[in-house]
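Colleague: Sharing a model prediction with you, sequence too.
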2 protein chains.
Amino acid sequence: MIVAVDAAGGDHYPKAPVEGALLAVKEDPNLSVLLLGPEEMIKKALEGKEYDKARILIQDAPQIIGMEESPASAVKGKQQSSIVIGMGLHKAGKCQAFVSAGNTGALLAASTFILGKLEGIHRPTIGAYYPTVKGFRLLLDAGANLEIKPEVALQFAKMGQVYCRQILGIESPTVGLLNVGEEEGKGTEQLKEIYKYIKDHSGFIGNLEGKDILSGKADVYLTDGLVGNILLKFGESIPATIMKLVENAVSKLDLEVEEVVAAQKILKTALSPFDYERVGGVPFLGVNGVSIVGHGGSSPLAIKNMIKSAVSCINNDVNGKIVASLN
Amino acid sequence: MIVAVDAAGGDHYPKAPVEGALLAVKEDPNLSVLLLGPEEMIKKALEGKEYDKARILIQDAPQIIGMEESPASAVKGKQQSSIVIGMGLHKAGKCQAFVSAGNTGALLAASTFILGKLEGIHRPTIGAYYPTVKGFRLLLDAGANLEIKPEVALQFAKMGQVYCRQILGIESPTVGLLNVGEEEGKGTEQLKEIYKYIKDHSGFIGNLEGKDILSGKADVYLTDGLVGNILLKFGESIPATIMKLVENAVSKLDLEVEEVVAAQKILKTALSPFDYERVGGVPFLGVNGVSIVGHGGSSPLAIKNMIKSAVSCINNDVNGKIVASLN
């Protein structure tokens, strides 16, 4: 199996994607990784490393799409970028997945335009892992679709449930609709229509409020991309905020060094559910391929876990099961 | 000055509002509190307490509006409730403010219908204090207006700035629009229109993302009531979630008792910015009076602080300054 990895994406390229690829290949003897980016840059990043040369492939892609570039024009204008070339190779069957920590919008655009949509899918969606006291759960949509129609919401629910079942190992995944109150009839017209349309869907547990997210009340948190994106970035900011508040507290209190050390150890363990590195990324669900986007700040470990997620999606035939779930 | 307090609202009535009122009166020699609710219930709650009887007044209001009752029908159907009678007394000038931890929707409806709107105001708004590493900031709207038009958004910004200046003591309050990205042109059509309409407003610092909230990047976080309500309830769930995660961590780690105690002390101090009790509540901004709603779970301390907020709003003539800010 060949997974393509964008060696020119994210805040820490080429180091993070190249080292992540080497970690993944070391762990999985059946895996080869195709690194995409400016060839010389990749070769330099590989210099002095030990790895199985037969399973680390390089594809030159001289153009680089920046993190802040406008997605549509970047994809159209940079045909020699890692994203466009990689997605083309995936479409042509030269690799089975594409993994990147790069420009999310450009990746979504390239995935949708080049790979196309799965049969029957209205809109692909960006999913995100959300930390809860029960472990990571799925937030859909995390920013691809700022407004969603009822038919689209139902497909998001189904795709999320397939993903939870196949990848997170949750046997009967539940779906909750984020809203301002629990009762049917709450919320905007859009939310009322969605509720009505999906209320009989298997696993749907009704409206959920903001307080129900961190407690892990549902397996799939269904929402539009506006709410989802704001919540996603908010959630990512929690650990650093808590750490900062703890620092302030420590400087105010009169404590022994050992007490501070113990508190830091406890807090690090406590906040580990918020550690996105461990879980890598969620694929764009609904595209005809496996295209995974991770956090821009992804470390080598995060990239390795994204590659593992891609392998799981392929091995578990997530896409086949999504198509089957639509009927 | 007389502040009316709903003795039949919130999860802990009559104990919390009655005790909160006594605390407030003890602190402020110029203050009288008018307790509203079933007279016998209030008298019983006051039994055995020491207080200045001349400054604790009672108004019988035999009907009780439940926390989950439909706002419009509750206000219409329960004319003898503390909320309806209290708001009527406020309208008639018999008291200068109304404070409650009861049914938010019913309070908003009664405030809007009975007190009316301030001159020139399109829509009143529910504000909420949001904890940041810089202290509490203001989130508008927190659930009263699920969708907002540009003219309404601009008024919310102005009202929020007046409140920050007068009550939070922030000299030049900034306003940020919650969105999925920082650049102009991001977000839904609604957000693009709002941005265009308010971009030249003094203090507007542009779009903010979810990650900018806890860091206190703006003084007023402007958003619609859907996003605001989900964020508000999410934020309120953070301390208990972190405490639960810390408990789990402690049970996993091999620690000395003293280390655990120290960690708990640090964490309690660190999470104190999330403590809503300290700040009471924010008034409905834009109504022609001072009507403050607090968290349903408000303690006596929280009620006392809500009463203090009401007194500040009156003393600083927040409403007069809001009307002046519109031109």
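Modeller: Received the coordinates, thanks. Numbering: from 1, shown residues only, chains lettered A, B, ... in the order given.
Colleague: got the residue ranges for the helices in chain A?
Modeller: A:15-27, A:39-46, A:71-77, A:82-91, A:104-110, A:150-166, A:189-198, A:225-252, A:257-270, A:300-315, A:318-325 (DSSP state H).
Colleague: among those, which gets the worst mean confidence?
Modeller: Ranked by mean pLDDT, these bottom out at helix A:257-270, which scores a mean of 87.
Colleague: What's the local residue count around A:G203?
Modeller: Here the number of neighbours of A:G203 (other C-beta atoms under 10 Å in any protein chain shown) works out to 18. To be clear about C-beta, it is placed using only N, CA and C from the backbone, and glycine gets the same treatment.
Colleague: For it, give its distance to A:G10.
Modeller: 34 Å (C-beta to C-beta, to the nearest Å).
Colleague: before we move on, the earlier item: need the helices of chain A in JSON lines (columns: distance to B:V257 and mean neighbour count).
Modeller: Supplementary listing: those in JSON lines, determined by distance: least, C-beta to C-beta, whole Å; neighbours: other C-beta atoms under 10 Å in any protein chain shown:
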{"stretch": "helix A:15-27", "distance to B:V257": "39", "mean neighbour count": "23"}
{"stretch": "helix A:39-46", "distance to B:V257": "49", "mean neighbour count": "17"}
{"stretch": "helix A:71-77", "distance to B:V257": "54", "mean neighbour count": "17"}
{"stretch": "helix A:82-91", "distance to B:V257": "54", "mean neighbour count": "25"}
{"stretch": "helix A:104-110", "distance to B:V257": "47", "mean neighbour count": "25"}
{"stretch": "helix A:150-166", "distance to B:V257": "40", "mean neighbour count": "23"}
{"stretch": "helix A:189-198", "distance to B:V257": "49", "mean neighbour count": "18"}
{"stretch": "helix A:225-252", "distance to B:V257": "20", "mean neighbour count": "20"}
{"stretch": "helix A:257-270", "distance to B:V257": "11", "mean neighbour count": "18"}
{"stretch": "helix A:300-315", "distance to B:V257": "34", "mean neighbour count": "23"}
{"stretch": "helix A:318-325", "distance to B:V257": "47", "mean neighbour count": "17"}
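Colleague: quick one, what contacts the spatially closest residue to A:E147 that is not a sequence neighbour?
Modeller: Using C-beta to C-beta, 6 or more residues apart in numbering or on different chains and skipping residues adjacent in sequence, the residue nearest A:E147 is A:D224, 5.6 Å away. By C-beta atoms under 8 Å, 6 or more residues apart in numbering or on different chains, A:D224 lies in contact with A:141, A:145-148, A:190.
Colleague: ok, of these, which one's closest to B:I56?
Modeller: A:Q190 (47.7 Å; C-beta to C-beta).
Colleague: what's the closest non-adjacent residue to the closest one?
Modeller: A:E147 (6.7 Å).
Colleague: Verify the stated contact: that neighbour with A:L226.
Modeller: Yes. Using C-beta atoms under 8 Å, A:E147 makes contact with A:L226 at a distance of 7.5 Å.
Colleague: and for these two, which residues touch both?
Modeller: B:T188.
Colleague: Pull out the buried positions in stretch A:135-142.
Modeller: Within stretch A:135-142, the residues that count as buried by 16 or more other C-beta atoms under 10 Å in any protein chain shown are A:136-142.
Colleague: Spell out which residues of the stretch 51-200 of chain A are next to chain B.
Modeller: A:133, A:143, A:146-147, A:178-180, A:187-188, A:191 (C-beta under 8 Å from any C-beta of the partner chain).
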